[in-house]
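Undergrad: Turn this into a model:
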Amino acid sequence: MTEHCRVTLAGPLGAAAIRAIRAQYGRVVVSTRAVDCQTVLDLGGLDQAALRGLLTLLWDLGHDVTAVSNQPRERTP
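TA: Residues are numbered from 1 along each chain as shown. Just a heads-up that it's a prediction; the model follows:
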């Protein structure tokens, strides 16, 4: 089953990191919250393996992941 995933990071996410994530995972919506200096990534169509790969990529790039949430997409009959 595919998932909608939201990953929250402490601090900004550089352009090179955004390009790498988009190259690997396709469409991603990136938003920055200036109030608490966090970056939020919204991605769709991730399974558990893809989510694990994304988290590993973020950690390898030196980003602090502060929250991860996902919601299964309902299958249409």
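
Undergrad: Just the terminal-to-terminal distance for stretch 34-53.
TA: End-to-end span of stretch 34-53 (Cα to Cα, to the nearest Å): 27 Å.

Undergrad: Buried residues, it. List them.
TA: Buried residues in stretch 34-53, counted by 16 or more other Cβ atoms under 10 Å: 38, 39, 40, 41, 43, 46, 50, 51. Bear in mind the C-beta positions are built from the backbone N, C-alpha and C, glycine included.

Undergrad: In this structure residue 22 contacts residue 16, no?
TA: No: Residue 22 lies out of contact with residue 16 (Cβ atoms under 8 Å); the separation is 10.9 Å.

Undergrad: quick one: which of the two has more around it?
TA: Ranked by neighbour count (other Cβ atoms under 10 Å), residue 22 and residue 16 place residue 22 first, with 13 against 9.

Undergrad: where does the chain dip in pLDDT?
TA: Residue ranges of the chain with pLDDT under 70: 1-2, 72-77.

Undergrad: try 90
TA: Residues of the chain meeting the criterion pLDDT under 90: 1-5, 14-16, 25-27, 32-37, 44-51, 61, 70-77.

Undergrad: distance between the longest helix seen in it and the chain's centre?
TA: Assignment by DSSP state H gives helix 48-60 as the longest helix of the chain. Its chain's average C-alpha position is 9 Å from that of helix 48-60, according to Cα atoms, centre = their mean, to the nearest Å.

Undergrad: could you pull out the strands for the protein?
TA: Along the chain, the stretches classed as strands by DSSP state E are 3-10, 28-33, 38-46, 64-72.

Undergrad: tell me what the shortest one is packed against?
TA: Other helices and strands packing on strand 28-33, by 3 or more Cβ pairs under 8 Å, 6 or more residues apart in numbering; DSSP states H and E, are helix 15-25, strand 38-46.

Undergrad: nearest to residue 5, of the ones you listed?
TA: Closest approach to residue 5 among those is made by strand 38-46 (4.9 Å; Cβ to Cβ).

Undergrad: With that, I have no additional questions.
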